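[1] Okay, here's the prediction I keep looking at, along with the sequence it came from:
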Amino acid sequence: MSGGVTHQLSGRRALQFFPRRGTPFSVLEFLLLIVCISLAGVGLPQNLQDVAVLTFLWAGLALAWNIAGGYAGLISFGHAAFFGIGAYTSTILFVRAGITPWIGIWCGAVLTGAFGALLALICARLRGPFLILSTLAAAEVVRIGALNWASLTGGPEGLSIPPVPGVANMVFASKATYVVIMLLFLLGVYAITKFLEGSRYGYYLFSVRDDADAASAAGVNPLAVRTAAMALSAGLTGIGGSLFAQYFLYLDPTFVISPEISFQFALLAAVGGLGTAIGPVLGSFLITPMSELLRSYLGSQAAGLHLVIYSALLIVVMLYFPGGIAGALARLAGRRNKP
Amino acid sequence: MSAIVTIADVSHRFGSLWAVRDVSFSVERGELLGLIGPNGAGKSTLFNLIAGALIPTQGEIVFDGQNVSHWRSHHIARVGIARTFQIPKPYRQLSVVENVMLTAFQRERSISRARSLAIETLADVGLKDYVDVPVTALTVGLLKRLEVARALAMRPKLVLFDEIMAGLTPTEVATMTKFVGGLPARGITVIWVEHVLYAIMKTASRIMVLNRGELIANGEPAEVARDPAVVKAYLGEDMNLA
Amino acid sequence: MSTFGQLVLSGIFIGSIYALMSMGLTLIFGVLRIVNFAHGEFLMLGMYGAWAITRLFGLNPYVAAIAVVPAMFLFGAIVHQLVVRPGLDKPHLVVVFATMGLSIFMQNVALMIMTADLWDVAPIFSRSVTIGPFYFKAELLLGFVVTIVCTFFLRWLIRTTYLGKAIRATVQDGEAAMLMGIPVPRIFLITFAGGSALVGLAACIMMPLFSVFPTVGLNFVLIAFVIVVLGGMGSIEGALLGGICIGVVQSLSSYYVAPAYGQMFYFILFLLVMIFRPNGLLGQKGAATIGIND
């Protein structure tokens, strides 16, 4: 009389198609890895290389957001602040102090991590839309601050990185190099995510997400767990921001610290499947190329048409597939694995 | 002094309502103490106070020689007090065994050992067949047993059971009663809030009765059952139970 | 000193208009327990409607309200049935994303149809109104009066009519309300549509004071959120109080500090409220720490 699908978390040696929490490897992950590596290695045409760079970067950023949003249950619509702080920190250190971005990125990560912890402490008691709105407000405060603190950030004119290629500058002439860098970022964040979800800390995260009172009664400190998750999520987002700066070579507060970007992180994770490792990756792999291609083919014809299609799709997916792509695939896989 | 927990003059107020008033008692190691009383008597509040979910407005709670009155629930859990929730609070996106593993982590740091401990505990309460089932598939009765398993997986010194019998069939009640009765022998002290009176009157070595926030009786089950104050609290003024 | 007085008073008046714009949002939150992230776009739609009727029929936006308000009620009803209702029994994030998707959808449809240009209506009143040493645009004063009237009307509605009582019952305990025979799904529909109608009214009031363009909603929706949170989600009087606070803060900080920082001030105010009084000035105790679907 056991109801529902049986998850075999241990003991089953055969390789599964679909990734399951706790198992290190699955067929799907292996296939995706092969695809990514080939995309990075093969010579793609210019515009597709652009798409690949952005797809990998956004996948990594969506995964980073997912640690707070999907695993810890802290739905934040303010992560663009971390993205921006990371980007600006490494860029300012490089452009004004000559510190190589290879080091600057880590400074950015530490600073954003600290901001993440601070935000978690400020919003400690808030849930639901109160949390969402507070993170939004906090990001707006950062954006307006960055916009007006022109001596530091260059204000509305923005900040540029001189397009001088060189390994020490972390600026590269060939886009293919960027594709590899972004892929490494994605793989790094993915590895961290997988490690987290299979570890004791992952369980603590899920317990606090699902029922903080019960978790507390089990000896887990919800505030500490949430703060650590937010700090990690923020730091990784900051790294992504720095990498973005090195690719785009231009930063401007209105674009970089915008609610649209915050929304994008959450969207990719939610459409792909919150709370799974593969979800945000699938979300980005589906949405980023589609949105870039829609933008280039339709954007010129009718301003906004690509966003109309994109948003209509979003509404439909969210209402009818709340578990995202990963959820839908898992249900399919579950049906196949049932004896 | 072998008292494992001492409650001294504890009172708690919600706004202008005193939910618990000047309650004092102590529990000996290895006791199975029952706590009964009509609805609204303050039993759950008392539990929340002991478990650290609430901080008493007045009074002191001493556990194992330490003053834990102002400790929060996760600290209290870590020194060995476990509790169940009257309305089960499972981790909805996890499986049954994973729900228990969270508490098991208090004893075992490694995932595989925590899992073994969790499976053992699940077997103890008769949930062995549900190990990898998603917790959302469970009925209320099974969820109550899961609550018990979660509490016991941390091998606590003191466990607070909050109405674990509600929703169980008579057979299940009998099994669970026997199970709880065996806990003191395993070195676990129990404070048990219950409405299913025959189970608790049979098993507990001592019964306390709470009414309107005050302790009105504290003694052996047979005595307490005959105590007119207790009868009045449950049944009202003019009842005469021979 | 009279500058200060002028600033405070005009802050109160504009703040009340912001409050009118936010009342729909707070009602929807109080009853349905969701945040309509497309709220700003509803305002934009109402403003375009008011503008179009004014231009096409040579009327003014206040008269256009006769058409805009019912039209927005209908629009709200449709959105509720198609976008909100399917998400109500699902995890909270679903409605958040669905309404955000709607927001982007509406912005871009507007962009395609109306282009990114700013559209205005001609000023309705030729002179300002003078009160003592202060002078105000008549449109501003009229907006203030409409808001006050509206607040009293809503108070009366909620406190005396059966509908109002049904709404209050639903806010307190949806399940119990259903068991008492209150058609909760219909209450949800009426509230959402009614909140949208309120936004339509606010749009007509605001059209003489602001230009309309596809992303005009973004400016105002954040203000609306701040007001709703400040005033306490679900409280009409709270929205009025919150709106006035924000109006005054904005008015004073734009003059005494830089205008750019004006926006930052009310976000910081918002965060301070969230930290120290998360239920807002007049909200339900515990609302913020419970969230909604927890």
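    Thanks, I have it.
[2] State the distance from C:Ile244 to C:Gln250.
    Separation of C:Ile244 from C:Gln250 (C-beta to C-beta, to the nearest Å) stands at 11 Å. C-beta coordinates here come from the backbone N, C-alpha and C atoms, glycine included.
[3] Give the residues shared as contacts by the two.
    Common neighbours of C:Ile244 and C:Gln250 are listed as C:Gly11, C:Gly15 (criterion: C-beta atoms under 8 Å, 6 or more residues apart in numbering or on different chains).
[4] Would you mind pulling up the elements that the helix or strand that contains C:Thr170 packs against?
    Here C:Thr170 sits within helix C:162-172, counting by DSSP states H and E. With contacts defined as 3 or more C-beta pairs under 8 Å, 6 or more residues apart in numbering or on different chains; DSSP states H and E, the packing partners of helix C:162-172 are helix C:2-32, helix C:138-160, helix C:174-179, helix C:184-206.
[5] if we go to 6 Å?
    Contacts defined by 3 or more C-beta pairs under 6 Å, 6 or more residues apart in numbering or on different chains; DSSP states H and E place helix C:162-172 against helix C:2-32, helix C:184-206.
[6] Could you check the angle the first one makes with helix C:184-206?
    The one in question is helix C:2-32. Angle, helix C:2-32 to helix C:184-206, by axes from the mean of the first three to the mean of the last three C-alpha atoms, to 10 degrees: 160 degrees.
[7] by contact count, what packs against helix C:2-32?
    helix C:138-160, helix C:162-172, helix C:184-206, helix C:216-231, helix C:236-256.
[8] Skipping adjacent residues, who's closest to A:Ala64 in space?
    Among residues not flanking A:Ala64 along the chain, A:Leu236 sits closest, at 3.7 Å (C-beta to C-beta, 6 or more residues apart in numbering or on different chains).
[9] ok, the one you found touching A:Trp65?
    No: in this structure A:Leu236 lies outside contact range of A:Trp65 using C-beta atoms under 6 Å: 8.8 Å.
[10] Buried ones in stretch B:220-237, by neighbour count?
    Across stretch B:220-237, burial judged by 16 or more other C-beta atoms under 10 Å in any protein chain shown covers B:Pro221, B:Val224, B:Ala225, B:Asp227, B:Val230, B:Val231, B:Ala233.
[11] If you could redo that for stretch B:80-89, that was the one I meant.
    Neighbour counts using 16+ other C-beta under 10 Å place B:Gly80, B:Ile81, B:Ala82, B:Arg83, B:Thr84, B:Phe85, B:Gln86, B:Pro88, B:Lys89 of stretch B:80-89 among the buried residues.
[12] In stretch A:100-119, which residues are buried?
    Across stretch A:100-119, burial judged by 16+ other C-beta under 10 Å covers A:101, A:104-109, A:111-113, A:115-117, A:119.
[13] Can you show me the CA trace of that stretch as CSV?
    Provided in CSV are the C-alpha atoms of stretch A:100-119 (Å, rounded to 0.1, in the frame of the first residue of the first chain):
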residue,chain,number,x,y,z
THR,A,100,43.4,42.4,-13.0
PRO,A,101,39.9,41.1,-13.3
TRP,A,102,41.1,37.6,-12.4
ILE,A,103,41.5,39.0,-8.9
GLY,A,104,38.8,41.6,-9.1
ILE,A,105,36.2,39.0,-9.7
TRP,A,106,36.8,37.4,-6.3
CYS,A,107,36.7,40.8,-4.6
GLY,A,108,33.4,41.3,-6.3
ALA,A,109,32.2,37.9,-5.1
VAL,A,110,33.1,38.7,-1.5
LEU,A,111,31.5,42.1,-1.6
THR,A,112,28.3,40.7,-3.1
GLY,A,113,28.3,37.8,-0.7
ALA,A,114,28.4,40.3,2.1
PHE,A,115,25.5,42.3,0.6
GLY,A,116,23.6,39.1,0.2
ALA,A,117,24.0,38.2,3.8
LEU,A,118,22.9,41.8,4.8
LEU,A,119,19.8,41.5,2.6
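[14] what's in contact with that stretch?
    With contacts defined as C-beta atoms under 6 Å, 6 or more residues apart in numbering or on different chains, stretch A:100-119 is touched by A:82, A:85-86, A:89-90, A:93-94, A:138, A:168, A:170, A:227, A:230-231, A:234-235, A:238-239, A:242, A:246.
[15] Could you identify the buried members of those?
    By 16+ other C-beta under 10 Å, the contacts of stretch A:100-119 give A:82, A:85-86, A:89-90, A:93-94, A:138, A:170, A:227, A:230-231, A:234-235, A:238-239, A:242, A:246 as buried.
[16] So chain B: which segments form each domain?
    Per the record, chain B has its domains at B:3-80+B:156-235, B:89-154, by automatic domain parsing.
[17] Nearest residue to the closest residue to chain B within the stretch 1-150 of chain C in space, please, no chain neighbours.
    The nearest approach of the stretch 1-150 of chain C to chain B comes at C:Pro91, 10.3 Å away (C-beta to the nearest C-beta). Here the nearest residue to C:Pro91 in space, its sequence neighbours aside, is A:Pro322; by C-beta to C-beta, 6+ apart that works out to 6.1 Å.
[18] Surely that neighbour touches C:His92?
    No: contact criterion C-beta under 6 Å: A:Pro322 and C:His92 do not qualify, at 10.4 Å.
[19] rewinding a little: ok, the residue nearest to A:Ala64 - how many residues close by?
    A:Leu236: 28 surrounding residues under other C-beta atoms under 10 Å in any protein chain shown.
[20] swap in C:Leu281?
    By other C-beta under 10 Å, the residues close to C:Leu281 number 16.
[21] Alright, I will stop here.
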